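# Pasting the sequence and the predicted coordinates here, then a few questions.
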Amino acid sequence: MKKTHLVLGIESTCDETACAIVRDGHDILSNVISSQIDLHKEYGGVVPELACRRHVDVMIPVLDEALKRANVQLEQVDLIAVAHGPGLIGALLIGINMAKALALAIQRPFIGINHIEAHLYAAMMSHSKPIQFPCLGVVLSGGHTALVLIRDIGTYQLIGQTVDDAVGEAFDKVAKMLHLPYPGGPKIEELARKGNHKGFPFKGGHVKGRPLDFSFSGLKTAVLYALQAISNPSEQDRHDLAASFQHAALNDIVQKTLVAASQYNVKTVIFGGGVTNSRYLRELFNKENQHLEYLWPASGLSLDNAAMIAGLGYHYFQKRGYGDSMELEPLVRIPFAVNSY
Ligand code: KG4
Ligand code: ZN
């Protein structure tokens, strides 16, 4: 196998259209992301039909920009890696068809990559140090909340997950209640800065008999009832509500992560997904002196991006030695543990 490997990554699982060129799984030559936030803002969430149309419109310009910034010709690309799930079916189809068309055009292999796994790889590619396996992966995004034991790249065991809303989804829904625009996470964090997190007695959800699982729907409803109980919330009430909700949701994640780390005796925790952008979350973890090493994704790699897809694609191709067939289908859901070489 050739030593230098230029991988083109393509990401279109939800509301970001992204292309990236990555060398040898970690060297990011370009990482272009076209966000659709402007398009979905007024609806308080992603509208699938609008997302698909935007992906069609911007996919080729985003690809051109990624090649240009990397100073790479399409023909120099050795492998195409595309996120083939989980995500919105129509959105996934656009990325996958793009990958297949390019693979045919330049006669190179292409490979389907699990978007959630790639979120965890994003933190690994952000650090030059070799990772000590097994380690604990914490996926916190708009669609997923999971604790994963990572034995190696490509070998995972799901040990905890949400039974209802994902944590980012809960932030987005609470933001909507507070009339804040989508995506709500950063807006809640901003509002919470002037708030008292003990202002409202909110708690993270417990799933009976499953201490590593999450539940955020009760917390979300508690915020709704608290809001309804105050007929005319003051600015300070809004700050306190945001701070109390944020603390309850994120502290729940911190506590369950620490339990999982000790139960599985890991020394390193790897974070992935848009919610890891939260400074408050990082502060909460840093306050816990558990002798754990925390690996966070570098900026530009925590939200949806194609560099993480290209990076993980490189490793899969190295280990497996061949790409996917033209039969590759989008997968709206992918069970974690099933995905190995
Ligand atoms: O990983 P991502 O870009 O998309 C998915 O794959 O879902 O994550 C987006 C999610 C949104 O729900 C957004 O509200 C949340 O990440 N988010 C945050 C913060 N920044 C982004 N949640 C809490 N605090 C933040 N600072
Ligand atoms: Zn994502």
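Thanks, I have it. Ligands and ions are numbered 1, 2, ... in the order given.

# Could you count how many residues lie near K68?
Counted with other Cβ atoms under 10 Å, the burial measure for K68 works out to 12 neighbours. (C-beta placed from N, C-alpha, C; glycine too.)

# and it, what does it touch?
Counting by Cβ atoms under 8 Å, 6 or more residues apart in numbering, K68 touches S30.

# Contacts for the worst-scoring helix or strand of the chain on mean pLDDT, please.
The weakest-scoring helix or strand in the chain, judged by mean pLDDT, DSSP states H and E, is helix 37-40 (a mean of 77). Surrounding helix 37-40, the residues in contact under the criterion Cβ under 8 Å, 6+ apart are 15, 46-47, 50-51, 54, 182-183.

# near ligand 1, which of those residues show up?
Contacts with ligand 1 within the contacts of helix 37-40, as defined by Cβ under 6 Å from any ligand atom: P183.

# Ignoring the adjacent residues along the chain, who's closest to the spatially most central residue of the chain?
Among the residues of the chain, G273 comes closest to the average C-alpha position under Cα atoms, centre = their mean, at 2.6 Å. For G273, ignoring the flanking residues on the chain, the nearest one in space by Cβ to Cβ, 6 or more residues apart in numbering is S141 at 3.2 Å.

# Share the number of residues neighbouring the one you found, please.
Burial of S141 is recorded as 24 neighbouring residues (other Cβ under 10 Å).

# can you check the one 10 residues further on too?
Taking other Cβ under 10 Å as the criterion, the count of residues near R151 is 13.

# Look at the residue of the chain most remote from its centre and report its pLDDT.
Ranking residues of the chain by C-alpha distance from their mean position (Cα atoms, centre = their mean) puts S231 at the top, at 36.3 Å. Here the pLDDT value assigned to S231 is 81.

# okay but G199 is in contact with S244, surely?
Yes: in this structure, G199 sits in contact with S244. The criterion is Cβ atoms under 8 Å, and the distance is 5.1 Å.

# The two - which one has more neighbours?
Using other Cβ under 10 Å, the more surrounded residue of G199 and S244 is S244, with 24 against 18.

# quick one, what contacts the closest residue to that one other than its chain neighbours?
With Cβ to Cβ, 6+ apart as the measure, F200 is the residue that lies nearest to S244, at 3.8 Å, once sequence neighbours are left out. Applying Cβ under 8 Å, 6+ apart to F200 gives the contacts 222-223, 226, 240-241, 244-245.

# Please report how far F200 lies from ligand 2.
29 Å (Cβ to the ion, to the nearest Å).
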